[in-house]
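**Student:** Provide a 3D model corresponding to the input given below.
(4 chains)
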Number of protein chains: 2
Amino acid sequence: MASIRERNRSIILKVASEEFAEKGFAATKIIDIANKAKLPKPNVYYYFKSKENLYRSVLESVVEPLLEAAEPFEHYDDPETALRQYIRAKITISQNHPDASKVFASEIMHGAPHLPQDIVDQLNNQAQECIARLEQWIERGLMEPVNPRHLLFTIWASTQTYADFDWQITSVTGKDKLDQQDYDDAAELITRLVLAGCLPRR
Amino acid sequence: MASIRERNRSIILKVASEEFAEKGFAATKIIDIANKAKLPKPNVYYYFKSKENLYRSVLESVVEPLLEAAEPFEHYDDPETALRQYIRAKITISQNHPDASKVFASEIMHGAPHLPQDIVDQLNNQAQECIARLEQWIERGLMEPVNPRHLLFTIWASTQTYADFDWQITSVTGKDKLDQQDYDDAAELITRLVLAGCLPRR
DNA sequence: TGATTACCTGATCTGCGGGTCAAAAATTGC
DNA sequence: GCAATTTTTGACCCGCAGATCAGGTAATCA
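**Tutor:** I've put the predicted structure just below:
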């Protein structure tokens, strides 16, 4: 079996991301995380030196999938394919990592006070590359001349909303939980709007 | 001059919404609100019985503009005009009430634990009316058959993002603060995508 | 001008939650 | 099977922030 250390760390991380997602950093109590992980409180401090530290670890666990999602922009030299796949990837993150997504969103919303600078830089660089790519496609006439920054903001917002504001979503749809079909529908609508607004009229 | 009571309450409310927006409910300290309002801490408790109470008052102050924004759906029996104006109105809220918007977003993100039920009902009813209206337009062939719920989610998300995630926006654009042009550009892009994706092809 | 009410304020209480510690128990490596 | 290391644990400490209070001062009105 995996080492005790590894095992416990990952249990704590999982539980912590649920708690931080639900309550936010300040409102989350270490004792609740400990209880939910079926460990005594000092164990949490044994594996993660402080609340701050644990929180940062949770934050860091989101970054990888987030960076991966932008790969379509590098892999495809074609706006339709790239945008389709990008939107799909972002929706999938909301579906598969809702807690991480929420923690990240909450962090950004309050000015990213705990987000390490190198992560900030990585994300910013990636955004700039996406923007450059979009500008290039526009210049080559593969896309209509839309503002690439605002296009990105819209895609980010409309895909993340399915994780971050799930309460609102389920409240309006009347469902307890979204199913695969809902995520597919969401991806389809967002893709439709983006492509209709961005691709050159045939 | 307005009564002392009125004046102080409104100062506290303003400062409180700034603080709650910046830090979130749990991380906000009454003493900070008091200092920023240049009042001793007990005064805050004199006008608002508790932190909870003050926070709810802030929340309630957001609801009115939010409900107003949906008026275009009642006033215009034409999807293009209604959607144009709705998107414009939502962007204007992000521009003019960023703090209120953030507080509200944060509340929703964490499952609306402090939001009074009657407000929840009001907002839900309104959403259902918008959806009904969209469905009706689709039936009458004024709009393409898009999923009205997901359309709303996308509009909400992409307009609110300019208030809720302003840190990210300014970080990517490199600006300290968005100007009128930026909000206009945002409204234009979102409108473009929505209309291109929803209106029947001519 | 005196009484009543509204408002202000320094000092204080209290509980809660982050963080620690020392010692026990379990695991590991030789 | 024994020493070294890792992990577990209950008890404890401490500071902070929400909340209160009692006594003061200022406004209001007769």
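**Student:** which residues touch the longest helix along chain A?
**Tutor:** Scanning chain A for the helix with the most residues, using DSSP state H, yields helix A:117-139. The contact list for helix A:117-139, computed with C-beta atoms under 8 Å, 6 or more residues apart in numbering or on different chains, reads A:59-60, A:63, A:66-67, A:70, A:73-74, A:79, A:82, A:112, A:143-146, A:148-149, A:151-152, B:171-172. C-beta here means a position set from N, CA and C on the backbone, and glycine is covered the same way.
**Student:** Derive a PyMOL selection command for the buried subset of those residues.
**Tutor:** Remark: buried members of the contacts of helix A:117-139, expressed as a PyMOL selection using 16 or more other C-beta atoms under 10 Å in any protein chain shown:
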select buried, (chain A and resi 59+63+66+70+73+79+82+112+143+146+148+149+151+152) or (chain B and resi 171+172)
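**Student:** Next, the contact list for the residue nearest the centre of chain A, please.
**Tutor:** Nearest to the mean C-alpha position of chain A, by C-alpha atoms, centre = their mean, lies A:Ser101 at 4.0 Å. Residues in contact with A:Ser101 (C-beta under 8 Å, 6+ apart) are A:Val62, A:Ile93, A:Ser94, A:Gln160, A:Ala163, A:Asp164.
**Student:** Most neighbours among those residues, which one?
**Tutor:** A:Asp164 (28 neighbours; other C-beta atoms under 10 Å in any protein chain shown).
**Student:** And the helices in chain A, which stretches?
**Tutor:** Per DSSP H, chain A carries helices over the ranges A:4-23, A:30-36, A:41-47, A:51-68, A:71-75, A:79-96, A:98-109, A:117-139, A:148-164, A:166-173, A:180-198.
**Student:** Including distance to B:Ala105 and mean pLDDT, could those helices go into a markdown table?
**Tutor:** Output for the helices of chain A, formatted as a markdown table (distance: least, C-beta to C-beta, whole Å; pLDDT from 0 to 100):
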| stretch | distance to B:Ala105 | mean pLDDT |
| --- | --- | --- |
| helix A:4-23 | 15 | 95 |
| helix A:30-36 | 24 | 97 |
| helix A:41-47 | 29 | 97 |
| helix A:51-68 | 19 | 94 |
| helix A:71-75 | 28 | 96 |
| helix A:79-96 | 16 | 97 |
| helix A:98-109 | 7 | 96 |
| helix A:117-139 | 20 | 97 |
| helix A:148-164 | 8 | 98 |
| helix A:166-173 | 10 | 96 |
| helix A:180-198 | 19 | 98 |
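**Student:** Next one: A:Arg140 from A:Ile91, what distance?
**Tutor:** With distances taken as C-beta to C-beta, to the nearest Å, A:Arg140 is found 27 Å from A:Ile91.
**Student:** okay, the two: which has more neighbours?
**Tutor:** Shown here are A:Arg140 and A:Ile91; by other C-beta under 10 Å, A:Ile91 has more neighbours (23 against 10).
**Student:** Now do the same contact list for that one.
**Tutor:** Neighbouring residues of A:Ile91 by C-beta under 8 Å, 6+ apart: A:Thr159, A:Tyr162, A:Tyr183, A:Ala186, A:Ala187, A:Ile190.
**Student:** list the contacts for the closest residue to the fourth one other than its chain neighbours?
**Tutor:** If the residues on either side of it in the chain are set aside, A:Ala186 comes closest to B:His150, at 5.1 Å by C-beta to C-beta, 6 or more residues apart in numbering or on different chains. Taking C-beta under 8 Å, 6+ apart, we find B:His150 in contact with A:Asp185, A:Ala186, A:Leu189, A:Ile190.
**Student:** now do A:Phe48
**Tutor:** Applying C-beta under 8 Å, 6+ apart to A:Phe48 gives the contacts A:Arg9, A:Ile12, A:Leu54, A:Ser57.
**Student:** let's see 6 Å
**Tutor:** A:Leu54 (C-beta atoms under 6 Å, 6 or more residues apart in numbering or on different chains).
**Student:** State the phi and psi torsions of it.
**Tutor:** Phi and psi for A:Phe48, reported as degrees, to the nearest 10, are phi -130, psi 120.
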